[in-house]
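[1] how does the following fold in three dimensions:
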Amino acid sequence: VQLVESGGGSVQPGGSLRLSCAASGSIVSINDMYWYRQAPGKQRDLVASITAGGSTNYADSVKGRFTISRDNAKNTVHLQMNSLEPEDTAVYYCNANIGQSRNGMVLTFSYWGQGTQVTVSS
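    Okay, here's the model as predicted:
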């Protein structure tokens, strides 16, 4: 299984970016999907999550500015980021809990994308 992120880049404060993450490979099901971020010298923090049924949660720092969504038919998750601030600068990572067939059973494994850089600066 591979998770491939896209959509990062540089933007001025107040701008917007839309990140996407596409899962491919031997997939039976995708459960919860997440976006994390890691700024230089800091730990990796959870930004947003979405269940297979579409229930969402957000870190307090991004509530009202970021929106997570998913397309189950395309095995993708998106993060729409509006009103970006310099504090949002980080590498953003996609994470997903993916069900795969193993010896006649479906087991769940956690996969990470390679990360995409988001820089907010004037």
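
[2] what is the burial count for residue 82?
    14 (other Cβ atoms under 10 Å). Using the backbone N, CA and C atoms, a C-beta is placed for each residue, glycine as well.

[3] ok, the residue nearest to it when sequence neighbours are not counted - contacts?
    Once flanking residues are discounted, residue 82 sits nearest to residue 16: 4.7 Å by Cβ to Cβ, 6 or more residues apart in numbering. With contact set as Cβ atoms under 8 Å, 6 or more residues apart in numbering, residue 16 has these partners: 80, 81, 82, 83, 84.

[4] most neighbours, which of those residues?
    The member of the contacts of residue 16 that has the most neighbours, counting by other Cβ under 10 Å, is residue 81 with 26 neighbours.

[5] so where is the protein shaky, pLDDT-wise?
    Within the chain, no stretch has pLDDT under 70.

[6] for it, which segments count as strands?
    Across the chain, reading from the start of the chain, the strands by DSSP state E fall at 2-6, 9-11, 17-24, 29-38, 45-50, 56-58, 66-71, 76-81, 90-102, 105-112, 116-120.

[7] winner for burial among those?
    strand 76-81 (a mean of 23; mean count of other Cβ atoms under 10 Å).

[8] for that one, output the C-alpha coordinates as PDB.
    Coordinates of the C-alpha atoms in strand 76-81 are reproduced here as PDB (Å, rounded to 0.1, in the frame of the first residue of the first chain):
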ATOM      1  CA  THR A  76      -8.500   9.700  -1.100                       C
ATOM      2  CA  VAL A  77      -8.600  12.200   1.700                       C
ATOM      3  CA  HIS A  78      -8.300  15.900   1.400                       C
ATOM      4  CA  LEU A  79      -7.400  18.800   3.700                       C
ATOM      5  CA  GLN A  80      -8.700  22.200   2.600                       C
ATOM      6  CA  MET A  81      -6.700  24.800   4.500                       C
END
